[in-house]
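Student: Based on what follows, work out the 3D shape:
(chains A and B)
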Amino acid sequence: MYHHASTVDINGSRFGDFVPAIGELSAQSTATDNPDYGMAALALAADNHDEQAFLAASAAIDWRRRDATDFLQAIQWALAAGAHRAAGVLALRGAESHPAADKLLTAARVLAPQTTPAAYQSADSSVALNRSWLKAHRGQYRGRWVALSNGSLLGSAATLEELTSRFGVNPQILYTRVF
Amino acid sequence: MLRQLSTGEAFATGAVLYAYIPASEREETPRVTIDIRIGDLQTSAFVDTGGIYLICPPEVAAALNFDPVEALQSEQVLLRGEIVQGALYRVPLTLLASEGNTITIEATAFVPNPATTRSNFPCILGMYLCLERLRFAIDPLKEVFYFGEAA
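Tutor: Numbers count the residues shown, from 1 in each chain, chains lettered A, B, ... in the order given. Next comes the predicted model:
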């Protein structure tokens, strides 16, 4: 069961057994005793893992009036609803509106579209050599992690941790589990 | 040989033979698997154009010492119909080429919480916030994965 933020408890007595539709929640959001129906609708969509409902509820919210906490909570609910693109949009919008909110800046950096130019390096001949080794020895090492360098076996182990503790994290060593 | 568009522009800047192998001990269905680097760690990943993010197994993330401060922690993420806990990171992802050039891009990596997931799976290259940045193609007859940066 999903645990909602303390400020948005749609399982609380205010709702009881009544589960309003998204449109109804939005329509009532200006009620004088408003417990934040807009956020409640997002929570409901998250609970139901319903991306479409999340998008509808999010579109009904005036995000210009929302603080950083609301944005962060909405991002979490977007991820739970499967609304991954909406999570990124909320993160970027939230970071723009609240540039001092570190967690929103982190969310925006993590979920932003890719903008950094790609970097290129020459092809690596060891890639084909390692692939050949794996093809030849798959049956022998199935289920184990192996460390390979230039088509040669450095070692094998039950876990990746065992291998990296012996050989370190080195961009020239392929660590892979054999299947 | 790298492919070209009709304009003469290179379609791909790199190519590599892929392995067509299962993704776990419990599977027989083969997947298109290539070698990648996440940061400085070289490992294998299978291509899942219906997936999202770069899914990074917890043991790979542990080897890379991902900093939790740099992560977007998430209590629940809906991935392919399953709810999982984990953290999202921004990481440098390199696709290794045996012909042409390797390419490094930024990708969003999801690391499942080790307490809530089985760990014996490889990295998974999804589309959204990962492969979508690239132009890519496969030749199943020659088992070649072509890739390059989109314009």
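Student: Look up how far residue B:112 lies from the nearest residue to residue B:116 once chain neighbours are set aside.
Tutor: Leaving out its chain neighbours, the residue that sits closest to residue B:116 by C-beta to C-beta, 6 or more residues apart in numbering or on different chains is residue B:85, at 4.8 Å. (C-beta placed from N, C-alpha, C; glycine too.) Going from residue B:85 to residue B:112 by C-beta to C-beta, to the nearest Å gives 7 Å.
Student: Those two - which one has more neighbours?
Tutor: Taking other C-beta atoms under 10 Å in any protein chain shown, residue B:85 and residue B:112 do not tie; residue B:112 has more neighbours (22 against 15).
Student: give the contact list for that one.
Tutor: If you count contacts by C-beta atoms under 8 Å, 6 or more residues apart in numbering or on different chains, residue B:112 has them with B:55, B:57, B:58, B:84, B:85, B:86.
Student: Sheet partners, orientation included, of the helix or strand harbouring the fifth one?
Tutor: Under the criterion DSSP states H and E, the helix or strand holding residue B:85 is strand B:82-95. Strands flanking strand B:82-95 in the sheet, each with its direction: strand B:31-38 (antiparallel), strand B:72-79 (antiparallel), strand B:99-112 (antiparallel) (DSSP bridges).
Student: Could you say whether the residue lying closest to residue A:152 once chain neighbours are set aside sits in a helix, a strand or coil?
Tutor: Spatial nearest neighbour of residue A:152, excluding adjacent residues (C-beta to C-beta, 6+ apart): residue A:133 at 7.2 Å. At residue A:133, secondary structure determined by DSSP: H, G, I helix; E, B strand; the rest coil is helix.
Student: Residue A:133: neighbour count?
Tutor: For residue A:133, using other C-beta under 10 Å, the count is 20.
Student: mind checking pLDDT for the residue lying farthest from the centre of chain A?
Tutor: Using C-alpha atoms, centre = their mean, the residue of chain A lying farthest from its centre is residue A:136. It sits 37.1 Å away. Looking at residue A:136, its pLDDT stands at 96.
Student: cool, and residue A:58?
Tutor: Per-residue confidence (pLDDT) for residue A:58: 97.
Student: Just want the most central residue of chain B.
Tutor: residue B:125 (2.6 Å).
Student: Show me which of the contacts of residue B:112 are buried.
Tutor: By neighbour count, with 16 or more other C-beta atoms under 10 Å in any protein chain shown, the contacts of residue B:112 hold B:55, B:57, B:58, B:84, B:86 as buried.
Student: Kindly reformat those residues as CSV and extend each row with pLDDT.
Tutor: Formatted as CSV, the buried ones among the contacts of residue B:112 follow (pLDDT from 0 to 100):
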residue, pLDDT
B:55, 95
B:57, 93
B:58, 92
B:84, 89
B:86, 94
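Student: For these, which two are the farthest from each other?
Tutor: By the measure C-beta to C-beta, B:57 and B:84 form the most distant pair in these, at 12.2 Å.
Student: coming back round to it: the residue nearest to residue A:152 and chain B, how far apart?
Tutor: 11 Å (C-beta to the nearest C-beta, to the nearest Å).
Student: tell me the contacts of that residue?
Tutor: A:148, A:151, A:152, A:153.
Student: what pLDDT does it get?
Tutor: 97.
Student: mind checking how far it is from residue A:151?
Tutor: Counting by C-beta to C-beta, the gap from residue A:133 to residue A:151 is 5 Å.
Student: Residue A:57 now?
Tutor: 54 Å.
Student: more crowded one of the two?
Tutor: Per other C-beta under 10 Å, whichever of residue A:57 and residue A:151 has more neighbours is residue A:57, with 28 against 17.
Student: Adding distance to residue A:119 as columns, could you present the contacts of residue A:133 in JSON lines?
Tutor: Listed next are the contacts of residue A:133 as JSON lines, based on distance: C-beta to C-beta, whole Å:
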{"residue": "A:148", "distance to residue A:119": "24"}
{"residue": "A:151", "distance to residue A:119": "25"}
{"residue": "A:152", "distance to residue A:119": "28"}
{"residue": "A:153", "distance to residue A:119": "30"}
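Student: ranking those by neighbours, who comes first?
Tutor: residue A:148 (24 neighbours).
Student: ok, now which ones touch that residue?
Tutor: A:130, A:133, A:134, A:154, A:173, A:174, A:176.
Student: Which pLDDT value belongs to it?
Tutor: Per the predicted model, pLDDT is 98 at residue A:148.
Student: quick one: it is in a strand?
Tutor: Yes - Residue A:148 forms part of a strand when assessed by three-state DSSP.
Student: Next, count neighbours for residue A:118.
Tutor: 18.
Student: That should have said residue A:165, apologies.
Tutor: 11.
Student: State the helix or strand in which it lies.
Tutor: With DSSP H and E as the criterion, residue A:165 is inside helix A:160-167.
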